[in-house]
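Engineer: sequence unknown, structure follows:
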């Protein structure tokens, strides 16, 4: 589950977003229809269209909410871990926690972009925004540790980002955490 609020206490818009979020993440964007969202959210079609003009607009709301949730949980995990080689290693701990919790369903942004019709630019823009903000987050984490100068931190950060993204997709394919553990070991070598 992406959100933990009980459906009864949510307003119409929030029920639509929560329902669609779960369906988009676990079922897929193309495999989820407006009628299924309406039925599972328990809302009228008119109510849905009062809040959202299209399924794409619902997906944008899903991705925005997912970004806030995902980055928040990532920050929490990184802050509570104390890695000798640097905080960035906490990213891999978060991947293990998150991906095992969702039975290795994978990255919501990787999944939706792979499942997306060509003309859905609003969704593509949200995917790019998330990935760029995550990239900047890694760069800034390395810079904060004052071990690397700006250019080094960015180059190293990009290499770590590739390790992370690859570990996510391979864990989804393998339904196992060995890719995350392997990527973490590779990251330790990069940081040495």
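Structural biologist: It's in. As the structure is a prediction and not an experimental result, all values here were calculated from the model.
Engineer: residue ranges with poor pLDDT in the chain?
Structural biologist: 1-8 (pLDDT under 70).
Engineer: looking at it, which residue lies furthest from center?
Structural biologist: residue 46 (30.1 Å; Cα atoms, centre = their mean).
Engineer: mind giving me the domain split of this protein?
Structural biologist: If you go by automatic domain parsing, the domain ranges for the chain are 10-52, 59-191.
Engineer: outside of stretch 48-62, which residues touch it?
Structural biologist: Stretch 48-62 is contacted by residues 12-13, 16-17, 20-21, 24-25, 29, 32-34, 37-38, 41, 108, 112, 120, 122-123, 126 when judged by Cβ atoms under 8 Å, 6 or more residues apart in numbering. Just so you know, the C-beta spots here come from the backbone N, C-alpha and C atoms, and that holds for glycine as well.
Engineer: I meant stretch 135-150, not that one.
Structural biologist: 71, 74, 78, 86-88, 91, 153-154, 156-158, 160-161, 164.
Engineer: just checking, which of the residues you listed belong to helices?
Structural biologist: Of the positions in those, 71, 74, 78, 91, 153-154, 156-158, 160-161, 164 sit in helices, assigned by DSSP state H.
Engineer: Emit the ChimeraX select command for whichever of those are buried.
Structural biologist: Here is the ChimeraX command that selects only those of those that count as buried (16 or more other Cβ atoms under 10 Å):
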select :74,78,91,153,154,156,157,160,161,164
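Engineer: where do the strands sit along this structure?
Structural biologist: Under the criterion DSSP state E, the chain carries no strands.
Engineer: Walking through it, point out its helices one by one.
Structural biologist: 12-26, 34-41, 45-51, 55-80, 90-101, 108-114, 121-144, 150-174, 178-191.
Engineer: Need the winner for burial among these.
Structural biologist: Looking across the helices of the chain with neighbours counted as mean count of other Cβ atoms under 10 Å, the highest average goes to helix 12-26: a mean of 21.
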